[in-house]
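Engineer: All I have is the shape, not the residue letters:
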DNA sequence: CTGAAAGCGCTTACAG
DNA sequence: CTGAAAGCGCTTACAG
C-alpha cells in the first residue's frame, strides 16, 4: 500500500507537511502555501493514497469504533436495535463492530473489544455483566445497556417504556367494548432464573393498568407460555404446545372465556390466534388478540396483528447518541436511564365485542 | 492503559522479551527461562495488561477484521447471512465489521474499509460494484459477493442454488396431485432495472422445471407483484395491492384457477394466502400456496407456510470460509462461484388436490 | 538467553 | 512556512 512517506517523497516535502495538509490542520504556527498544498493533494489522488486508520488510531490514542455486544442476534428485535445503532453510528462518523457473545465467549470478546481500543460499548445480553462493567470501568470506556428490565450497575440504560404502549392497548380494547381481558405471560422465569423476564414485567404493567381501569382480572385469566423463538430457520416443531395450553386454558375458563387476549409478545399472539381459529373461533369477530413488539411477521399475519410497537431502531440510535455524549465528557460510570415510549398499532386482530359474547 | 513498556519495567526486562513470551514465540534462537516467563505472565495479569491490537496490526501489517458491505440490513435474509458470517468469522479468530451502504455512501464506506486495512470484504448490494472491485483489486484484498444472481466480475460469488429447492417444491406439488400450478413472479424489473432480479430468475427455474415435468404453464398463469418489503417497522399500508391483483388474476383465470400457486418469496405467498381466504378459498383444502426463502414469519403464519428454504446463515459462513481461503494464498482476482443448495420444507399451506377442483 | 535498535504508519510539539 | 525529532504501542531480525 502507498504510504505517507511515498507521497512526501514524490512531492519532495516532509511527512509532517503531508500530514498537515491531509488533515486540514491550520494552526497559527503552520501555514502551507497553496501551491505545495495542491501538489500534495494531487500526488495523494494520483497515488491513490489511503491513510492507515489503525496507525492514526495508535498515534492519536483513540478509535472511532463502537462495540455492540449481543447475545442473540437472530432475534429480530435485537438486530433491529443493532441496525438503528449502526446507522446512527455511521451518520456520526463512527463505525460499529458487532460482537456476538454467550457466557462462554464473553471473556474472549471482551479481550477483543479492549484490544481494539473500542471507544465505547453497547451491550444486550441477559447473563452476568459484572465482568464487562469491571473491564470497561478499568479501561475507562463508557457502556450502554440496551433494553433490559432493570437498571444496570454501571453506565447508561436505554430501554423501552412498555407502560405507555400497554396502556394504549388496553384502552383500545376497552374502547372496543372489551371487559374480560386475559393475558398470556412468559413462563421463562420458571425455567431459568437468569432469563431476562420481560414477560413478567409486562404482566405487571397489564395488571396495574387493568386495576386502574377498574377491570377485574379473575384468577386464571393470566396464563404462561414458554415457547422458544429465535429468528430464521429455527428447527421446526419448536415448542408451541405451551402456547396451546395457555390459550386453551383461557378459552375454557370456568367463568367464561375472555373476549380479548393480550400476549406478552407477537410470536405468542400469532400462535394464540391459530389456537383460537382451530377451536372454531373467528379473530377478531369472536375474540380479539393483541401482541407486543411489532415484529415484521405481525403485519403479514392474517389477520394482521394489533400490537404494541417497540421502537427498536430508535433505541439503537439513542444508545449510540448517549454513548457519544458520554465520550464527549469525562469518564463517569454513574448509571442513568433513558426510556423510549412504546405505542399501540391497531390492525385487524382486534375488533369490537359482539353482543352474542 | 497499561502498556507493554510498563510490564517490561516492572519485571526488569526489555519489551522484546515481554513480546516474545506474550506471543508464545519459541524460535531456535530464543529461549526464555521459565522463571522470567512466569514473572512476566504474573505481571501481565496483575497489571491487567491488554495488548493494543491496533498497534499489533500496524506492526504486523495485517488485521484480522472482515468487512461486510450490506445495502439493506433490515431485510431478514440479508441479516441472517450476516449472522452466519459473524459467527463463522468469530470462530476462526476473526472479527466482522458491518458497513451499511447505499449508492451515496459507498465511496465513504470503501474509504473506511481500506483505511481500516480490512483483511477482506463480503458484499451484498445491488448497484454498481465496479468501484469496490477496483479499490479492492488495487489494495489486493479479496472480495466475496453474496447472493447475487449473476457472477461478479471480480472475486468469488457465494449464491443460493434456487434450482434444487424449486424442483423439490414442484415435485411436492405434483405428488399431491397438482397439475395446474401458477407462479407469482417479481414485478421489480419493470420498475427499476438496477434491482437484482431474483424473482425473474426463479420464474425461469419454475418454467424450466414445469416443462421438464411435462406440465403446461398457460398464458396468464404467471403474474407479478411489486410489493416492497424491508424488515421491521415498515410504514404500514405498504403496497400489497399488487399482490392482490396478481392473485386475483390467477383466481379468475379464464381457463380456470390453478390448484396451487408458487410465489417467488414468502412475503408474497403470505399475502396471496390472505387474498385466497378473503375470496372464500380455504388454504390448503381449496388451493395450495408455497413460498420461497423460509423467513421466520413463515412458520408462525396460519397456515404455516410450505416454502423453499434458503440456507442464509450457511451462505454467510461459506462466504467467510472462502474469504479466508483466499487470504491464505496469493492474491488472485479470478472469479469463482460457490452454490449452496436450497431445499423444500412442507408445512401446512400445501395439501392434496380435492376432487371437487 | 536477552537487550538495543530499527521498523510499522501515522501525529504533533518544537525549532528554525 | 517547513523539516527534523520524538512519540504512539507494538514486532522482529540482529548482535552479543
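Structural biologist: Looks like it came in fine. Quantities reported herein were computed from a predicted structural model and do not represent experimental measurements.
Engineer: so who does the residue most central in space within chain A touch?
Structural biologist: Centroid-nearest residue in chain A, with Cα atoms, centre = their mean: residue A:81, separated by 3.4 Å. Counting by Cβ atoms under 8 Å, 6 or more residues apart in numbering or on different chains, residue A:81 makes contact with A:124, A:146-147, A:312-313, A:315-316, A:319. For glycine as for every other residue, the C-beta is placed from the backbone atoms N, C-alpha and C.
Engineer: Sort out for me which of those are in helices.
Structural biologist: Judged by DSSP state H, these include A:312-313, A:315-316, A:319 as members of helices.
Engineer: would residue A:224 count as being in a strand?
Structural biologist: Yes - counting by DSSP: H, G, I helix; E, B strand; the rest coil, residue A:224 is located in a strand.
Engineer: Contact partners for it?
Structural biologist: A:184-187, A:190, A:199, A:242, A:246.
Engineer: And for the residue of the stretch 101-250 of chain A found nearest DNA strand D, the neighbour number?
Structural biologist: In the stretch 101-250 of chain A, the residue that lies nearest DNA strand D is residue A:115 (8.1 Å; Cβ to the nearest atom of the strand). Using other Cβ atoms under 10 Å in any protein chain shown, residue A:115 is surrounded by 17 other residues.
Engineer: That one and residue B:115: what is the separation?
Structural biologist: Applying Cβ to Cβ, to the nearest Å, the value for residue A:115 to residue B:115 is 19 Å.
Engineer: tally of neighbours for the closest residue to residue A:309 other than its chain neighbours?
Structural biologist: Once flanking residues are discounted, residue A:309 sits nearest to residue A:294: 4.1 Å by Cβ to Cβ, 6 or more residues apart in numbering or on different chains. Around residue A:294 there are 29 other residues, counting by other Cβ under 10 Å.
Engineer: I figured residue A:294 hits residue A:310, correct?
Structural biologist: Yes - between residue A:294 and residue A:310 a contact is recorded at 6.6 Å, counting by Cβ atoms under 8 Å.
Engineer: which residues in the stretch 51-200 of chain A form strands?
Structural biologist: Listed in chain order, the strands of the stretch 51-200 of chain A (DSSP state E, counting those that start in this stretch) span A:65-70, A:95-100, A:120-124, A:143-146, A:156-161, A:181-186.
Engineer: Relative to the first one, what are the paired strands and their orientations?
Structural biologist: It stands for strand A:65-70. strand A:95-100 (parallel), strand A:120-124 (parallel) (DSSP bridges).
Engineer: Pick the most deeply packed of those.
Structural biologist: strand A:120-124 (a mean of 26; mean count of other Cβ atoms under 10 Å in any protein chain shown).
Engineer: What lies in contact with stretch A:345-354?
Structural biologist: With Cβ under 8 Å, 6+ apart, stretch A:345-354 has contacts from A:172-173, A:176-179, A:259-260, A:269, A:273, A:283-286, A:288-291, A:294, A:298-299, A:301, A:303-309, B:236.
Engineer: Can you flag which of those residues belong to strands?
Structural biologist: In this view, the contacts of stretch A:345-354 that belong to strands under DSSP state E are A:260, A:288-291, A:306-309.
Engineer: Just the buried ones from those?
Structural biologist: A:260, A:288-291, A:306-309 (16 or more other Cβ atoms under 10 Å in any protein chain shown).
Engineer: follow-up on the earlier one: out of the ones in helices among the contacts of residue A:81, who has the most neighbours?
Structural biologist: Highest neighbour count within the ones in helices among the contacts of residue A:81: residue A:319, with 31 neighbours (other Cβ under 10 Å).
Engineer: show me what contacts residue A:257?
Structural biologist: A:180, A:250-251, A:287.
Engineer: Scan the residues you listed and report the most crowded one.
Structural biologist: Ranking the contacts of residue A:257 using other Cβ under 10 Å puts residue A:287 first, with 30 neighbours.
Engineer: What does the pLDDT read for residue A:161?
Structural biologist: With respect to pLDDT, residue A:161 scores 94.
Engineer: Return the distance of it relative to residue A:79.
Structural biologist: Residue A:161 is 21 Å from residue A:79, by Cβ to Cβ.
Engineer: cool, residue A:37 as well?
Structural biologist: Distance from residue A:37 to residue A:79, by Cβ to Cβ: 45 Å.
Engineer: Look at those two and report which has more neighbours.
Structural biologist: Of the pair residue A:37 and residue A:79, residue A:79 is the one with more neighbours under other Cβ under 10 Å, namely 28 against 16.
Engineer: For residue A:19, which non-adjacent residue is closest in space?
Structural biologist: residue A:4 (6.6 Å).
Engineer: count of residues packed around the one you found?
Structural biologist: Neighbour count of residue A:4, defined by other Cβ under 10 Å: 17.
Engineer: same question, residue A:273
Structural biologist: Using other Cβ under 10 Å, residue A:273 is surrounded by 27 other residues.
Engineer: show me what contacts residue A:248?
Structural biologist: A:275, A:279.
Engineer: For it, pull up the helix or strand it's in.
Structural biologist: For residue A:248, the enclosing helix or strand under DSSP states H and E is helix A:241-251.
Engineer: Among the ones in strands among the contacts of stretch A:345-354, find me the one that's closest to chain B.
Structural biologist: Here the nearest of the ones in strands among the contacts of stretch A:345-354 to chain B, counting by Cβ to the nearest Cβ, is residue A:309; it sits at 7.0 Å.
Engineer: The closest one bridge partners, please.
Structural biologist: residue A:293, residue A:343.
Engineer: Equivalent analysis for residue A:122, please.
Structural biologist: If you apply DSSP bridges, the partners that residue A:122 bridges to are residue A:68, residue A:144.
Engineer: quick check: domain ranges of chain A?
Structural biologist: Annotated domains of chain A cover A:4-51, A:60-160+A:312-341, A:161-311 [automatic domain parsing].
Engineer: Switch those over to CSV; also include distance to DNA strand C.
Structural biologist: Formatted as CSV, these follow (distance: least, Cβ to the nearest atom of the strand, whole Å):
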stretch, distance to DNA strand C
domain A:4-51, 3
domain A:60-160+A:312-341, 5
domain A:161-311, 38
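Engineer: neighbours of residue A:50, just the number please.
Structural biologist: Residue A:50 has 21 neighbouring residues, counting by other Cβ under 10 Å.
Engineer: Next, it: secondary structure please.
Structural biologist: coil.
Engineer: how close does the residue nearest to residue A:19 get to residue A:32?
Structural biologist: Counting by Cβ to Cβ, the gap from residue A:4 to residue A:32 is 15 Å.
Engineer: Please apply the same query to residue A:5.
Structural biologist: Applying Cβ to Cβ to residue A:5 and residue A:32 gives a distance of 18 Å.
Engineer: Tally up the residues packed near the nearest residue to residue A:135 once chain neighbours are set aside, please.
Structural biologist: Nearest residue to residue A:135 in three dimensions, chain neighbours excluded: residue A:110, at 5.4 Å (Cβ to Cβ, 6+ apart). Residue neighbour count, defined by other Cβ under 10 Å, stands at 22 for residue A:110.
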